[in-house]
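Trainee: show me the folded form of this:
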Amino acid sequence: MGASGRPVPALGPPDSMRRNLATRLPRRKAAPMAAFDRLPAALRHWLHQAALPWSTASALRLWQRALRDTGSEYDALARLSAIESRLIARDAARIWGDGHPAIRPDTPRSPSPDRPLPAPRVAAGR
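Mentor: Next up, the predicted model:
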């Protein structure tokens, strides 16, 4: 009992919530935000503005390869942006249609089972 004579509430979740915690699924070994926090500052900043939802593992792998190949953080960030642009352009036609501004003529498109690739366009008069 508390100083006012009322019962003190028990700490922790009520019994009904404890049942929600009982699961047979394995618990996560690592904290995802801790992995993000360990990334280099420049890569973390780039991920904040990225258009695609990158995993920390794939972003770090690409970052290390780009940094090794270019030798410069600035050039590595430019390479990550180019990779992301290619990924967006590759899927833009399938998702948003051929008129999407991210589509470039030289971009290979990924086929979709429900929408085959369109036939190549032939210029009139040729």
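
Trainee: low-confidence ranges in this protein?
Mentor: Low-confidence segments of the chain (pLDDT under 70): 1-3, 8-22, 28, 104-126.

Trainee: which parts of it are helices?
Mentor: Taking DSSP state H as the test, the helices found in the chain are 15-21, 32-37, 41-49, 56-70, 73-96.

Trainee: now these in CSV, with mean neighbour count and distance to residue 103?
Mentor: All C-beta atoms are positioned from the backbone trio N, CA, C, and that covers glycine. Listed next are those as CSV, based on neighbours: other C-beta atoms under 10 Å; distance: least, C-beta to C-beta, whole Å:
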stretch, mean neighbour count, distance to residue 103
helix 15-21, 8, 46
helix 32-37, 11, 31
helix 41-49, 14, 22
helix 56-70, 15, 23
helix 73-96, 16, 5
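
Trainee: just send the ones you listed back as TSV, with distance to residue 102 too.
Mentor: Output for these, formatted as TSV (distance: least, C-beta to C-beta, whole Å):
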stretch	distance to residue 102
helix 15-21	42
helix 32-37	26
helix 41-49	16
helix 56-70	19
helix 73-96	4
